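Engineer: my questions are about this predicted structure, shown below with the sequence.
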Amino acid sequence: MGTVPTLDEVRSWPATVGVPEAARAIGVSKSHLYEMVRRGEAPVKVLSFGARHRVLTASLVRLLEGA
């Protein structure tokens, strides 16, 4: 799964990131986060473009801050 980024690192990410990066930040597998996205249960805001998905970094930061 790779190293887990710090909150400061996540804050420096672009406006959107891929599901694999978001999954690494929240400590779940990318397949688990993809499944949550598919079910509409992702804990972060996801933009879907057909089969492609991007996670809003701001929503990821809010989740990690515990807001």
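Structural biologist: That came in fine, so what should we check first?

Engineer: look up phi and psi at Arg54.
Structural biologist: Main-chain dihedrals, Arg54, degrees, to the nearest 10: phi -130, psi 140.

Engineer: can you give me the pLDDT of the residue of the chain most remote from its centre?
Structural biologist: What lies farthest from the middle of the chain is Gly50; by Cα atoms, centre = their mean that is 17.5 Å. Among the per-residue scores, Gly50 holds a pLDDT of 90.

Engineer: any idea how far it lies from Tyr34?
Structural biologist: As defined by Cβ to Cβ, to the nearest Å, Gly50 lies at a distance of 14 Å from Tyr34. Bear in mind the C-beta positions are built from the backbone N, C-alpha and C, glycine included.

Engineer: Gly2 too?
Structural biologist: When Cβ to Cβ is applied, the distance between Gly2 and Tyr34 equals 16 Å.

Engineer: compare neighbour counts for those two and give me the winner.
Structural biologist: More neighbours sit around Tyr34 than around the other of Gly2 and Tyr34, counting by other Cβ atoms under 10 Å; the figures are 16 against 8.

Engineer: quick one: pLDDT of that one?
Structural biologist: pLDDT recorded at Tyr34 is 96.

Engineer: contacts only, for it.
Structural biologist: Residues touching Tyr34, when contacts are defined by Cβ atoms under 8 Å, 6 or more residues apart in numbering, comprise 19, 53.
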